[in-house]
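Chemist: Requesting a structural model of the entry that follows:
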Amino acid sequence: MSLLKHHKLFFLLTLLLIEGPVSSAQKKILSGIIKDAHSEENIPFASVSFKNTTVGKLSDSAGFFSFYLQQWPGDTLEITCVGYQPFRLLINTSRDSVQVTIMMERGTFSEGATLKVKVNKGLLVWRKIVEHKRENDRYRFDNFSYELYNKLELDIKNINFEKFGRFKALKPISDLINQNIDTSEGLRYLPTYLSEALSDYYYQKKPLKRREVIKAVNPNGVKNESILKFLGGMDQVVNVYNNFIPVFDKQFVSPISDNGDYYYNYRVADTQVINNSRFFHLIFTPRRKGGDTFEGDCWVHVGTFAIQKMSLRLGKEANINFLENLSLIQEYKLINDSIWFLAKDKFVFDLSPVGKEKPGFIGRKTTTYQDVVVNDSSVLRELDKNKLLEEIITLPTALANDKSFWLGARHEPLSKTETSIIRMIDTLTNAPVFQKFTRTLTFIGTGYKDIGNYQIGPWMNWITSNGWEGFRMRFDLGTNKYFDKKFRFHGYLAYGFGDKKLKGMGEIFFLPKKDPRLYLYTSFTNDLDFGQNYYGEVTQDNVFALAVRKNNTTAKYIKVKEKRFEFFYETLSWMSNRLAITHKTSLPLQNLLPADSFPARTGNPLTSFEISLRIRFAYLERFLESHFFRSSLGSAYPIGEINISKGFAGVLKSSYNYTKVSASASDNFKVPPLGNISWYLFGGKTFGTLPYTLLDIAPGNELYYYNKYAFNMMNRWEFVHDQYGGVNIEHNIGNGIFRFFPKLRFRQFWTAKTLWGSLSPENKSLNFKAGHSFQSLDGKTYLELGTGVDNIFHVFRVDFVWRVLPSTLPKEGDKAFGIFGSFRLAF
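Modeler: Numbers count the residues shown, from 1 in each chain. I've put the predicted structure just below:
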């Protein structure tokens, strides 16, 4: 029986037993529970007393309290607890029995006088916790398993439904919401998502293996299987015994870190007895403002110095964007009378992207752990089923469970509020007016809009302008999953009002298998070459590029006609192969050597036929999948690629024989408390005498918008090589020097981008003709160094970049220093 049920039963029995005597003696009864207003967790050992009297007591270890009185000693109840604002409750003294729930608002843990003492008991307790970490950390076991119940909820807060409904386009949504939820008082919440998942989790220390079998999922409207995998516990492991604790994409110093005394102040508030065991109540606060630290408290078992419960908050100076409030609670319980093991963790956050009183989000994650097994052969037998070191298995029947199953399977029952949220979400998601509203938001955010069986967009490419085409318009049309589950057809037409030419592209994508992934792709393109497109970067074929082009750069334009076929197959879960056949003709248009500069003995000039193979290595890479496509969420390990290409002359009027080999590796890793580092290593070589269109063109940037993947002080088509290598490094430090100005919440970073390259004499002779504007590094180093300020108004970043090497600039008027802006969303 749960502790909550136990106390409710206790109150009921008490009332029944004393009903007769109380009626005759007019005895007064006051009972209640004290909770944290943010996390809704019970607050133990809070002081409860009647104002200006000696009548009072402490709440018990579960936050409950009760008084049995001959008469009311006063009409005001005062509740105080370290870390919370004092609370006063007016009692209705005309009643004989009163039951209350008291929600305590956050205060500070640093209240009260600071006393200088010779021996800091709090510091001694911290040292004992660190000394016993290995004995109490659950990862000390060779293996363990448990059943995990995970509940995720997301609500929109601070919605003014009256103002919301004043907008004509939003009035149908407002009317629908008002019909389904109570908006009559206080802070208004709109439930948007609630999911439940039940899984079995298995862990082995040496060699490291993890396995999660998701047995049941109640996603309430979300059916995407790639998302279902993230509803389990594999990616949500928080361990307070680690030196660092993840909060979104940042790493915060744990209060019981090995170096915790450098980051925290400690004190023991009191000592209490819980279930015949003594516990220290340890309080911790940051030593410095603006650092990646928590404030909070924990209950520490006297003797083993194991954590029984830890409550973490982020201080007001914490440098996390949009975060108004955060609670992270972990509870441990005894198993086998001697082993403290994780029993529950809870994560609650308030996000306010546009201001404290403006609409924002409240997220809640509650995870409970049952049926714990440690150092058992049954765990090893289950892990032997793994083909990889880490696997997440979603059972085919995971979505097929009804309400009766969940009533028995949940570790704790849903509250009345949670039950109503599920009902509300079901009503909203099935309402046509709400579906139309969400489709509109999707169109604005992603650029794409589904219309029946077809899809238009992205709208960002509809209008742009450049020096060759002048004003350019483009329109895309494609099919979606409603047209066909395995085939996707897409194309666009573009027209330049300056060159008065029609361009376009058409493509067919066929996806017969998703696991392992296999697809066939073919396309035809007849358009300008706008350079490589990278996710999250502004390209030159984009409406936003109109305002950010560099001055004094010579515009260069080239048109391509390309036919392409791809075959992709995921041979292993960590390795994929892509075979491509490409026929391509380039036509230089402006400020580049023309096609007649490269007469061909066979075939047409600047025309190639190429077969290429890309092998990609990405161990334990995670993906977020839509119906046809998927986006990488990265891997905990480096990701590598090998590319091999072979060109054939005489095929479809192609003119060149050549071989290309290239390779790259990249990674992104955290170095707490010094932020994170990302690096990209690349290199390649081309064998053959070729025109510049088939050689390696170093990626330059002709926009004032910073491009993470390009050399920002280099122009496009500036450096040409047939042999090259380079490395890019970016270190996001975090606060850095701005820790001295915590209210700014700025962040510091530095970047370094290097390139080494050379061009054979044969290729120089072919390409460095009269009128060319190319350069070659000839084995020298190209180096860009940069630093800057990130997190300006939470979303803007400014890069200061110096072109250090080579010392000579391509032409008079070019600069060795540039300032770039960009838009970044990060916590």
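Chemist: and for stretch 374-390, what are the contacting residues?
Modeler: 141-145, 200, 202-204, 207-211, 234, 335, 339, 341, 373, 573-574, 620 (CB atoms under 8 Å, 6 or more residues apart in numbering). C-beta coordinates here come from the backbone N, C-alpha and C atoms, glycine included.
Chemist: Now the residue nearest to residue 505 when sequence neighbours are not counted: which helix or strand?
Modeler: Computed as CB to CB, 6 or more residues apart in numbering, the closest residue to residue 505 that is not its neighbour in sequence is residue 525, at 4.5 Å. According to DSSP states H and E, residue 525 maps onto strand 517-528.
Chemist: looking only at pLDDT, what's the mean for the helix or strand that that strand is followed by?
Modeler: Following strand 517-528 in sequence order, the next helix or strand is strand 557-572 (DSSP H and E). When pLDDT is averaged over strand 557-572, the result is 95.
Chemist: one step back: quick check: the residue nearest to residue 505 vs residue 558, distance?
Modeler: For residue 525, the distance to residue 558 (CB to CB, to the nearest Å) stands at 13 Å.
Chemist: circling back: among the contacts of stretch 374-390, the buried ones, what's the PyMOL command?
Modeler: For the buried members of those, the matching PyMOL selection, counting by 16 or more other CB atoms under 10 Å, is:
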select buried, resi 141+143+144+145+200+202+203+204+209+210+211+234+339+341+373+573+574
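Chemist: quick one: which of the contacts of stretch 374-390 sit in strands?
Modeler: 143-145, 200, 202-204, 209-211, 335, 339, 341, 373 (DSSP state E).
Chemist: And the residues you listed, which is closest to residue 366?
Modeler: Nearest to residue 366 among the ones in strands among the contacts of stretch 374-390: residue 341, at 17.4 Å, using CB to CB.
Chemist: Kindly confirm whether my reading is correct that that closest one touches residue 308.
Modeler: No - look at residue 341 against residue 308 with CB atoms under 8 Å: they stay out of range, at 11.4 Å.
Chemist: residue ranges of the helices in the stretch 1-150 of the chain, please?
Modeler: Ranges of helices within the stretch 1-150 of the chain are 3-17, 19-25, 121-131, 133-136, based on DSSP state H, counting those that start in this stretch.
Chemist: any idea of the mean pLDDT for the strand holding residue 525?
Modeler: In this model, strand 517-528 has a mean pLDDT of 96.
Chemist: which parts of it are buried?
Modeler: Burial within strand 517-528, assessed by neighbour count using 16+ other CB under 10 Å, is assigned to 517, 518, 519, 521, 523, 525, 526, 527, 528.
Chemist: what's the farthest-apart pair in those?
Modeler: 518 and 528 (32.4 Å).
Chemist: so residue 505 bridges to which residues?
Modeler: As for beta bridges, residue 505 partners with residue 492, residue 525 under DSSP bridges.
Chemist: how close does it sit to residue 809?
Modeler: Per CB to CB, residue 505 is found 36 Å from residue 809.
Chemist: With neighbour numbers in mind, choose between the two.
Modeler: Here residue 505 and residue 809 are compared on neighbour count by other CB atoms under 10 Å; more neighbours surround residue 505, at 17 against 12.
Chemist: Wait, the more buried one touches residue 530, no?
Modeler: No - counting by CB under 8 Å, residue 505 stays clear of residue 530, with 11.6 Å between them.
Chemist: before we move on, back to that, kindly point out which residues are neighbours of both of residue 341 and residue 308.
Modeler: Taking CB under 8 Å, 6+ apart as the criterion, residue 341 and residue 308 both touch residue 332.
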